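# here's a sequence, model it:
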Amino acid sequence: MRRCLLTAGALILATGTWLPGAGAGAAAPRVTCTSLRGALRFTPPLEMPGSSKKYITKLTVTNAVLDGCTGAPTKMAHLSFSATTKAKENCSGMQTGYAATGTETITWLDHSTTKVTLTVSAPQERDSLRPLLRGPVSSGLLKGSRQNARAYLDLAPGAPTCQDRRLGAVRLHLSPDLTPKKFTIG
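Have a look, this model is predicted:
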């Protein structure tokens, strides 16, 4: 598992659930998407193992494609988020657990949006490849619901790892080994 983050690298939303928040009225509609593709960037890039250099790190996803959606205003959307680590990190530190907070926006093709106050967390080493993406839907479509998604970290075959150089970007997709392979809201 120590090499998990070193050989891993993309944030993959593997399965997620938005739980309706408390309040008056009917529960939010259920939205399910079957595909997510994109890239995750680390700014600054994560330092190699053995380095004493650690930085507060920004995790950024821009316009990842969320597709195969049912119950949504459109079949496809773009997902973006920006979250900042709570502690200074490098590749070795991210392997043993991390947390970041920020905001996530899902923009549907009809221009409606879902905004989430996001927490990205992997509290233990075993979670480093499967961080949680949680938080309340703060505005837009499904406001009052709560996101509770599982992510997965992965590198493209042959891509450099933290063992080779500082890690700055990784790919984004649904995890091939988690079931169900869906992203769910509602």
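
# quick check: residue 154 touching residue 130?
No. Contact criterion CB atoms under 8 Å: residue 154 and residue 130 do not qualify, at 10.5 Å. C-beta here means a position set from N, CA and C on the backbone, and glycine is covered the same way.

# now residue 165, what's its secondary structure?
Three-state call for residue 165 (DSSP: H, G, I helix; E, B strand; the rest coil): coil.

# now do the closest residue to it other than its chain neighbours, the pLDDT please.
Among residues not flanking residue 165 along the chain, residue 48 sits closest, at 6.9 Å (CB to CB, 6 or more residues apart in numbering). Residue 48 carries a pLDDT value of 88.

# next one: the one 10 residues further on
Residue 58 carries a pLDDT score of 97 in this model.

# just residue 182 next, same as before
Confidence score, pLDDT, at residue 182: 68.

# just to revisit the earlier point, pull the number of nearby residues for the residue nearest to residue 165.
Look at residue 48: counted by other CB atoms under 10 Å, it has 18 neighbours.

# that one against residue 160, yeah?
No. Residue 48 is beyond contact range of residue 160, at 10.5 Å (criterion: CB under 8 Å).

# tell me where this structure has helices.
91-95 (DSSP state H).

# where does the protein have low pLDDT?
1-29, 174-182, 184, 186 (pLDDT under 70).

# how about a cut-off of 50?
Where the chain drops to pLDDT under 50, the residues are 1-26.

# ok, the spatially closest residue to residue 91 that is not a sequence neighbour to residue 125 distance?
Distances taken as CB to CB, 6+ apart put residue 162 closest to residue 91, at 3.6 Å, once the chain neighbours are dropped. Counting by CB to CB, to the nearest Å, the gap from residue 162 to residue 125 is 15 Å.

# one more: residue 39?
24 Å.

# higher neighbour count, these two?
residue 39 (18 against 14).

# now do the contacts for that one.
10, 61-62, 64, 169-172 (CB atoms under 8 Å, 6 or more residues apart in numbering).

# which among those residues count as buried?
10, 61, 64, 169-172 (16 or more other CB atoms under 10 Å).
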